[in-house]
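Chemist: 3D, please:
(one chain, ligands or ions: 2)
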Amino acid sequence: MSESKNKLIKHAQIHWSDQLEPISGQFDDIYFNTEQGLSESLYVFIQGNDLAQRWLNCDTQHFAIAETGFGTGLNFLSTCLQFHRFRKKHPETKLKRLHFTSFEKYPLSKADLQIALQRWPQLSDYITPLLAQYPLPLTGCHRIILERFDITLDLWFGDVLESLPSLYLYESGLFDCWYLDGFAPSKNPEMWSETLFQHIAASCKNNASIATFTAAGFVRRGLMAAGFNMRKRKGYGKKREMLIGQINTHNADQPQYGQHFRASAQTQTKEVAIVGGGIASACLSLALVKRGYKVTLYCQDAALAQGASANKQGALYPLLNGAHNSLGQFFSNAFLYARNYVHSINQFSPFAFDFSGLLQLYYDQTAGKKLDKILQAQLPEELVQKLQSEQTDQLAQCDIGQQSLYYPLGGWLSPQQMVQAIIKKAKHKGDLTIKLNARLESFSEHKNGWQLHFPKQSVIHSLLVLTTAMNTLKFAPCAAVPLSAARGQVTYIPTNNTLQKLQVTLCHEGYLTPEHNNKHCMGATFKRHNIDSDFSLQEQCENKAKLAKCIPDKPWVAEIDCAHQDANIAIRCTTRDHFPYAGALADYEQTKTHYQHAVKALNKDNAPFYKDLFLLTGLGSRGLCTAPLLAEMLASQINKEPLPFSREILNALQTNRQWVNYLKKGKKLKF
Ligand code: FAD
Ligand code: SAM
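Modeler: Residues are numbered from 1 along each chain as shown. Ligands and ions are numbered 1, 2, ... in the order given. The predicted model follows:
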């Protein structure tokens with residue numbers, strides 16, 4: 001697959017009628033029938049797909065709907081209302097969670113969306129969390145969670161003809177139901193193409209249904225050719241007819257699309273051991289208990305968050321680049337998700353964070369060039385923008401005297417406190433047992449899953465997920481995963497009259513945070529291949545020297561006292577390409593064997609994996625930004641739900657990515 005290009009997302013051009021009806025400038029069509037929009041949505045899509053009955057008879061815990069054209073989100077919101085009512089009326093049913101995936105090429109701006117949705121006060125319970133989490137116009141998937149209602153929205157920004165084929169499937173399919181809601185076929189023929197219908201059909205689970213407001217003959221024929229049984233039904237209001245249908249069988253000969261399956265859990269038992277104790281394990285524990293899994297978390301330390309996640313303050317911002325390629329897309333969407341996540345955890349159990357902005361300084365020519373390159377991606381100013389030196393000083397409330405890149409949504413958070421808060425929430429939400437002082441020494445295959453060996457006992461679990469950072473390499477099946485260690489020491493410095501004024505997080509070669517509990521976090525050293533965890537006075541001085549090098553000749557920097565032992569030392573677990581590892585653990589030995597017979601067919605997604613063994617590690621220097629969305633992705637994958645990343649990004653997260661790249665180039669594996 002070729003590297004994705006930076007596709008800028010343009011907002012919808014909205015014209016407003018006198019009655020504040022949104023009309024699309026791009027397509028010259030209305031978004032919804034003004035007076036009866038809500039009841040039309042109910043009639044065409046919800047009743048057209050017979051959802052009340054299907055939800056009642058549903059024998060799985062989640063039901064997945066997909067839609068072409070999110071627009072104002074009316075269909076989504078009206079589905080939320082119906083699902084909420086259904087759950088209240090039938091609390092005993094097996095179905096507990098709704099997953100709604102929608103594709104949108106021209107998203108409304110948040111301001112336009114707010115205006116468009118004003119006319120539906122009956123939907124305000126769902127509109128409020130949607131608006132609070134509504135993403136910036138960035139390509140890819142934005143996962144939004146309406147927690148109170150157990151509803152997840154995956155909002156894909158970009159052309160559906162590109163986004164839908166980029167989704168990973170499971171062998172059993174992905175969606176239970178489709179809403180086809182583009183503008184009228186005459187105004188937007190691309191959205192009604194046979195290619196799209198084939199992709200829609202290939203994404204269907206057995207018995208998936210489909211409904212659309214149009215009764216156009218070519219739409220009916222196209223859907224039938226793709227594998228749907230279609231029939232006409234009375235249209236809404238004055239409209240004569242509309243179409244409803246059901247998938248026949250999977251189209252076995254779908255081109256490439258249907259062949260890309262993601263390895264989910266094979267056991268039916270919703271029971272899992274997570275080994276770790278840092279932010280990765282906390283986020284994953286919460287994501288899995290919410291899905292009804294019984295989770296046991298094993299940590300080698302006497303308390304959680306003693307490893308890299310032990311810092312008092314860490315910076316939250318995305319890793320961007322000028323190409324805005326899959327790496328930039330991964331980080332920026334993970335960043336937006338992390339912010340929403342922090343708010344939701346904080347609502348449950350308050351902890352220290354401050355999203356008052358973050359500045360990356362143009363401290364020398366090389367840094368300046370690198371930062372200027374980021375601007376080439378033309379990302380939204382709400383994400384990143386350049387400031388002149390007076391603006392930098394004004395925003396920071398500090399004498400710096402340099403240009404900077406400003407991340408208005410960035411800031412800092414307390415990782416250690418956040419881990420505690422996430423775990424508290426996970427315990428509250430579901431079945432989580434924590435075993436401290438439990439160092440996993442090894443594990444082996446067992447007929448009922450995996451047998452975990454601790455110094456004094458062995459236990460069996462159906463599923464196993466390792467979030468053990470660098471220690472992952474100590475386990476034989478993981479020994480070839482390319483990870484490398486980088487020791488880091490952060491220095492906690494006492495605040496003073498000047499430092500106290502610092503309003504934003506400053507990033508240079510290191511970073512300096514605003515005051516928290518009378519201290520600032522000045523970091524951090526980066527010692528490759530060093531796993532020594534002893535305090536170093538020299539590294540305290542290095543942290544200050546770095547700040548002084550990047551912000552030279554400022555008395556407030558010179559005054560900083562670092563000749564003390566207030567510090568935290570931890571080991572980062574890094575990867576060469578900055579992508580973490582998240583997914584099923586690939587089998588190194590079998591990959592080698594596979595290569596001998598079928599190198600041409602070898603792909604990152606069809607190479608051999610261990611059954612029911614997963615990994616979430618390699619979070620490097622930005623784990624605070626990526627852990628929440630990665631954990632959501634992995635929990636979704638284990639539970640066979642739609643995933644919040646494109647195949648390209650998911651492949652970049654695979655444990656086997658470097659081995660496969662080596663093999664494809666004809667190199668020998670030597671990891
Ligand atoms: P960890 O937090 O290291 O957790 C691994 C856990 O696994 C530990 O609890 C450990 O006890 C447990 N474990 C390991 N082996 C076993 C075993 N055999 N049995 C049982 N338990 C085991 N990121 C940012 O986003 N912003 C920052 O500003 C930032 N600053 C940083 C500064 C420093 C000095 C360092 C070191 C890292 C920094 N990071 C920052 C990176 C961030 O802290 C990490 O990416 C993140 O904490 C990794 O989380 P984790 O859960 O993967 O690993
Ligand atoms: N379902 C929406 C609602 O509930 O408000 C109304 C959808 S509106 C009729 C059609 C939407 O499809 C528009 O928002 C338009 O921007 C979007 N669209 C059109 N072509 C598209 C494409 N190729 N890919 C993704 N979205 C597209």
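
Chemist: Flag every residue of the chain that's near ligand 1.
Modeler: 275-281, 298-301, 306-309, 311, 314-315, 415, 439-440, 467-469, 471, 488, 490, 511, 523-524, 570, 572, 617, 619-625 (CB under 6 Å from any ligand atom). Quick note: C-beta positions are derived from backbone N, CA and C, even for glycine.

Chemist: can you pull the pLDDT of Ala252?
Modeler: pLDDT for Ala252: 44.

Chemist: Could you identify the helix or strand that succeeds the lowest-mean-pLDDT helix or strand in the chain?
Modeler: Lowest on mean pLDDT, DSSP states H and E among the helices and strands of the chain sits helix 588-598, with a mean of 78. Using DSSP states H and E, the next helix or strand after helix 588-598 towards the C-terminus is strand 609-617.

Chemist: any idea of the mean pLDDT for that following strand?
Modeler: The average pLDDT within strand 609-617 is 96.

Chemist: hmm, back to that, any idea how far the least confident helix or strand of the chain is from the chain center?
Modeler: 31 Å (CA atoms, centre = their mean, to the nearest Å).

Chemist: Let me know the distance separating the residue of the stretch 401-550 of the chain found nearest ligand 2 from ligand 1.
Modeler: Closest approach between the stretch 401-550 of the chain and ligand 2, counting by CB to the nearest ligand atom: Leu409, at 24.8 Å. Distance of Leu409 to ligand 1, given as CB to the nearest ligand atom, to the nearest Å: 14 Å.

Chemist: That residue is in what secondary structure piece?
Modeler: Leu409 belongs to no helix or strand, assigned by DSSP H and E.

Chemist: ok, it - how many residues close by?
Modeler: Per other CB atoms under 10 Å, the neighbour tally for Leu409 reads 18.

Chemist: Correct me if wrong: it contacts Asp354.
Modeler: No: if you go by CB atoms under 8 Å, Leu409 and Asp354 don't touch, sitting 11.9 Å apart.

Chemist: next one: phi and psi at the residue nearest to Ala377 when sequence neighbours are not counted?
Modeler: Spatial nearest neighbour of Ala377, excluding adjacent residues (CB to CB, 6 or more residues apart in numbering): His324 at 3.9 Å. Main-chain dihedrals, His324, degrees, to the nearest 10: phi 40, psi 50.

Chemist: residues in contact with His324?
Modeler: If you count contacts by CB atoms under 8 Å, 6 or more residues apart in numbering, His324 has them with Asn6, Thr139, Ser332, Ala377, Leu379.

Chemist: Can you check the pLDDT for it?
Modeler: Taking His324 on its own, its pLDDT is 93.

Chemist: cool, the one 4 residues further on as well?
Modeler: The per-residue pLDDT reported for Gly328 equals 97.

Chemist: need the residues of the stretch 51-200 of the chain near ligand 2, please.
Modeler: 69-75, 103-106, 159-161, 181-183, 188, 190-191.

Chemist: Please spell out which residues along stretch 34-51 are buried.
Modeler: Neighbour-count burial for stretch 34-51, with 16 or more other CB atoms under 10 Å as criterion, is recorded at 37-38, 40-49, 51.

Chemist: An error on my part: the question was meant for stretch 340-357.
Modeler: Neighbour-count burial for stretch 340-357 [16+ other CB under 10 Å]: 340-342, 344-346, 351-357.

Chemist: The residues you listed in helices, which ones?
Modeler: In helices, defined here by DSSP state H, the members of those are Asn340, Tyr341, Val342, Ser344, Ile345, Asn346.

Chemist: Which residues are in contact with the residue nearest to the second one when sequence neighbours are not counted?
Modeler: The reference is to Tyr341. Leaving out its chain neighbours, the residue that sits closest to Tyr341 by CB to CB, 6+ apart is Pro628, at 4.0 Å. Each residue near Pro628 by CB under 8 Å, 6+ apart is listed here: Cys283, Ala334, Tyr337, Ala338, Tyr341, Val342.

Chemist: Pull up the gap between Pro628 and ligand 2, please.
Modeler: Distance from Pro628 to ligand 2, by CB to the nearest ligand atom: 26 Å.

Chemist: Pretty sure Gln503 sits in a helix.
Modeler: No: assignment of Gln503 by DSSP: H, G, I helix; E, B strand; the rest coil gives coil, placing it outside any helix.

Chemist: What count of nearby residues applies to whichever residue of the stretch 551-671 of the chain sits closest to ligand 2?
Modeler: In the stretch 551-671 of the chain, the residue that lies nearest ligand 2 is Ser646 (14.6 Å; CB to the nearest ligand atom). Burial of Ser646 is recorded as 25 neighbouring residues (other CB under 10 Å).

Chemist: Lys238 too?
Modeler: 5.

Chemist: you'd agree it is in a strand?
Modeler: No: counting by three-state DSSP, Lys238 is located in no strand; its state is coil.

Chemist: Nothing else from me, thank you.
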